[in-house]
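Student: Starting from these lines, generate the structure:
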Amino acid sequence: MAARARAGRGEHRRRRRSLVVVVALSLLAGALAGGAFWWIRRERLEGAALRSVETARIQLEFAAQNLPAEPAARDLRSLVDQLGDLDFEAVIRANGDVSSTRPLSFGIGHVPSELAALVGDGVLAYQRTDVNGAPYLVVGGPAGPAEVYMFFPESELSSGITILGLGLVAGWAGAVVAMILVALAGLQSRVRALSEARARERRFTSDVAHELRTPLSAIVAEASLLREELERLPPEARRPAELLVQDVERLRRLVEDLLEISRLDAGGEEVRVEPVDVAALVEGVVRARGWSPRVAVEGEAVVASTDRRRLERIVANLVGNALTHGGRDVRVRMGRDGAGLALEVSDRGPGIPPDALPHLFDRFYKADPSRTGTGTGLGLAIALENARLLGGDIEVRSEPGAGATFTVRLPQGPRGP
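Tutor: Have a look, this model is predicted:
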């Protein structure tokens with residue numbers, strides 16, 4: 001009875017911790033999405049305003065040069081006709097006379113009173129307003145004896161910002177749902193059969209990854225625009241923007257890894273066997289990722305009959321893990337193990353604690369929970385799944401303070417799915 005009570009209290013504490021983690025991550029994801037929306041919206045609105053003000057400045061100079069000192073109604077009409085060929089609507093007022101490019105749709109009454117007061121004081125100013133239900137940026141200024149107001153349409157800009165906001169909200173909601181479902185799946189797996197838990201995990205991973213792709217595409221596109229503007233941002237805003245771009249890139253890699261792990265779980269992956277020069281493949285992986293100065297490639301020349309793409313994925317994940325956690329003296333050795341291939345990736349880093357070794361290939365597992373990095377937590381799991389798909393396995397040896405060695409063993413002819 002006492003043991004059951006202790007187990008119940010432990011389960012309650014685990015549920016409470018899971019709830020706290022979900023709430024914290026939800027708030028973080030919401031803050032990230034909100035910050036991205038606020039920043040990109042501000043940049044787009046300010047950019048549109050600056051372009052419109054510059055256009056208005058040029059047209060005000062033109063109007064001042066083409067109006068007499070005491071303009072009559074026909075002078076205003078003539079100037080309006082010339083402005084009517086441009087990509088905005090105009091309203092001109094002078095000596096009590098008013099003329100506009102579209103008299104039935106735009107008039108002096110559509111000019112905000114605050115803007116009219118500033119222009120009356122001789123100031124070039126702008127203000128956003130709605131005209132007949134459509135958004136416009138109104139720029140006004142003095143042009144000699146007249147006041148000229150230009151209405152720049154912003155329907156496309158407004159629609160783009162709305163779509164961006166919806167995409168970010170959808171991405172945030174998808175992330176929150178994903179975290180909630182992960183927490184629920186973790187709790188339910190304790191009371192349900194292992195086979196049911198694994199089936200639920202596979203369906204969840206696949207569905208979430210596919211559902212996140214559409215909103216994530218919008219977020220990645222906006223992050224790319226933000227990356228192009230980094231050098232032009234003020235110093236106090238550049239670092240938060242860089243962190244935002246990095247987090248979006250990490251989210252993109254996470255979704256890609258989730259899609260790959262879900263395909264592996266589905267069991268329908270195709271294995272394409274061909275002769276592969278293993279040394280050339282390893283050197284190509286190291287060189288393509290810019291790891292050559294930090295990674296030594298050793299061993300005999302081996303040609304193996306295997307799936308090139310999957311072996312590349314295994315090598316890239318293991319070497320990337322060694323560089324991230326080992327940090328120095330990373331070596332890749334290859335040779336034959338009986339009739340098959342043996343490939344070792346070793347480092348001389350701090351090593352792996354003995355109690356962490358059995359869980360090292362678990363998804364999202366971290367040997368050091370305090371360690372933060374750019375990984376997704378799926379790299380070793382994906383490497384192991386690909387090795388097993390090729391009919392092999394991955395072993396790990398490590399001693400604290402003496403680094404770690406991952407050994408991939410593959411048969412000469414991998415089995416298919």
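Student: okay, and for the stretch 151-300 of the chain, where does confidence drop off?
Tutor: For the stretch 151-300 of the chain, the stretches flagged by pLDDT under 70 are 176, 178-218, 220-222, 225-229, 238, 245, 250, 253, 257, 265-268.
Student: so where is the stretch 301-417 of the chain shaky, pLDDT-wise?
Tutor: 328, 366-376, 412-417.
Student: Check which helix or strand the residue nearest the centre of the chain maps to.
Tutor: The centre of the chain sits closest to V248, judged by C-alpha atoms, centre = their mean, with a distance of 2.5 Å. Assigned by DSSP states H and E, V248 belongs to helix 235-266.
Student: any idea how far that helix is from the chain center?
Tutor: Put simply, helix 235-266 sits 5 Å off its chain's centre (C-alpha atoms, centre = their mean, to the nearest Å).
Student: Pull out the buried positions in the helix or strand following that helix.
Tutor: Going down the chain from helix 235-266, the next helix or strand is strand 274-277, by DSSP H and E. Residues V276 are the ones in strand 274-277 that count as buried (16 or more other C-beta atoms under 10 Å). All C-beta atoms are positioned from the backbone trio N, CA, C, and that covers glycine.
Student: which helices and strands does strand 274-277 pack with?
Tutor: Packed against strand 274-277 by the contact rule (3 or more C-beta pairs under 8 Å, 6 or more residues apart in numbering; DSSP states H and E) you find strand 303-306, helix 308-325.
Student: Could you export the first one as PDB, CA atoms only?
Tutor: Taking only C-alpha atoms (Å, rounded to 0.1, in the frame of the first residue of the first chain), the coordinates of strand 303-306 have been written out as PDB:
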ATOM      1  CA  VAL A 303      34.100  -0.500 -51.100                       C
ATOM      2  CA  ALA A 304      30.800  -1.600 -49.500                       C
ATOM      3  CA  SER A 305      27.500  -2.500 -51.100                       C
ATOM      4  CA  THR A 306      25.100  -0.200 -49.200                       C
END
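Student: Direction included, what does it pair against?
Tutor: Here strand 303-306 is paired, per DSSP bridges, with strand 274-277 (antiparallel).
Student: what ranges do the helices span in the stretch 101-250 of the chain?
Tutor: Counting by DSSP state H, counting those that start in this stretch, the stretch 101-250 of the chain has helices at residues 113-120, 155-188, 194-228, 235-266.
Student: these two touch, right, the residue nearest to the centre of the chain and L254?
Tutor: No: the criterion here is C-beta atoms under 8 Å, and V248 misses it with L254 at 10.6 Å.
Student: show me where the stretch 301-417 of the chain has strands.
Tutor: Here the stretch 301-417 of the chain has its strands, by DSSP state E, counting those that start in this stretch, at 303-306, 330-337, 340-347, 393-398, 404-410.
Student: related to what we said a few turns ago, which one of the helices and strands packed on strand 274-277 lies closest to E114?
Tutor: helix 308-325 (56.2 Å; C-beta to C-beta).
Student: Mind splitting the chain into its structural domains?
Tutor: Following automatic domain parsing, the chain resolves into domains at 2-43+157-266, 67-153, 274-410.
Student: can you redo those as JSON lines with distance to R57?
Tutor: As requested, the domains of the chain are exported to JSON lines (distance: least, C-beta to C-beta, whole Å):
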{"stretch": "domain 2-43+157-266", "distance to R57": "20"}
{"stretch": "domain 67-153", "distance to R57": "7"}
{"stretch": "domain 274-410", "distance to R57": "46"}
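Student: Nearest approach to L50 belongs to which of those domains?
Tutor: domain 67-153 (9.8 Å).
Student: Show me how far stretch 297-305 is from its chain's centre.
Tutor: Remark: stretch 297-305 is offset 38 Å from the chain centroid, using C-alpha atoms, centre = their mean.
Student: Identify the residues contacting that stretch?
Tutor: 273-279, 282-283, 286, 311, 331-336, 340-341, 410, 412-414 (C-beta atoms under 8 Å, 6 or more residues apart in numbering).
Student: Export the helices and strands packed on strand 274-277 to CSV and append columns for mean neighbour count.
Tutor: Below are these laid out as CSV (neighbours: other C-beta atoms under 10 Å):
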stretch, mean neighbour count
strand 303-306, 20
helix 308-325, 21
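Student: From Y149, how far off is the most far-flung residue of the chain relative to its centre?
Tutor: Here the chain reaches farthest from its C-alpha mean at E70, the gap being 58.6 Å by C-alpha atoms, centre = their mean. Relative to Y149, E70 is positioned 21 Å away (C-beta to C-beta, to the nearest Å).
Student: Can you get me a residue count around S159?
Tutor: S159 is flanked by 11 other residues according to other C-beta atoms under 10 Å.
Student: Same check on the one 10 residues further on?
Tutor: Under the neighbour criterion other C-beta under 10 Å, V169 is assigned a count of 15.
Student: and the residue nearest to Q82 when sequence neighbours are not counted, what does it touch?
Tutor: Nearest residue to Q82, sequence neighbours excluded (C-beta to C-beta, 6 or more residues apart in numbering): N66, at 7.6 Å. N66 is in contact with S78, L79, Q82, counting by C-beta under 8 Å, 6+ apart.
Student: Among the residues you listed, name the buried ones.
Tutor: Those of the contacts of N66 that meet the buried threshold are L79, by 16+ other C-beta under 10 Å.
Student: Which one, of the domains of the chain, ends up nearest to V53?
Tutor: Nearest of the domains of the chain (C-beta to C-beta): domain 67-153, 5.7 Å.
Student: the inter-axis angle of the helix holding V248 versus helix 308-325?
Tutor: 140 degrees (axes from the mean of the first three to the mean of the last three C-alpha atoms, to 10 degrees).
Student: so what secondary structure elements neighbour helix 235-266?
Tutor: Using 3+ C-beta pairs under 8 Å, 6+ apart, helix 235-266 is in contact with helix 2-66, helix 194-228, helix 379-389.
Student: one more time with 6 Å
Tutor: If you count contacts as 3 or more C-beta pairs under 6 Å, 6 or more residues apart in numbering; DSSP states H and E, helix 235-266 packs onto helix 194-228, helix 379-389.
Student: can you tell which of the strands of the stretch 301-417 of the chain is closest to D97?
Tutor: D97 lies closest, by C-beta to C-beta, to one member of the strands of the stretch 301-417 of the chain: strand 330-337, at 80.4 Å.
Student: Now find how far off-centre the closest one is within its chain.
Tutor: 36 Å.
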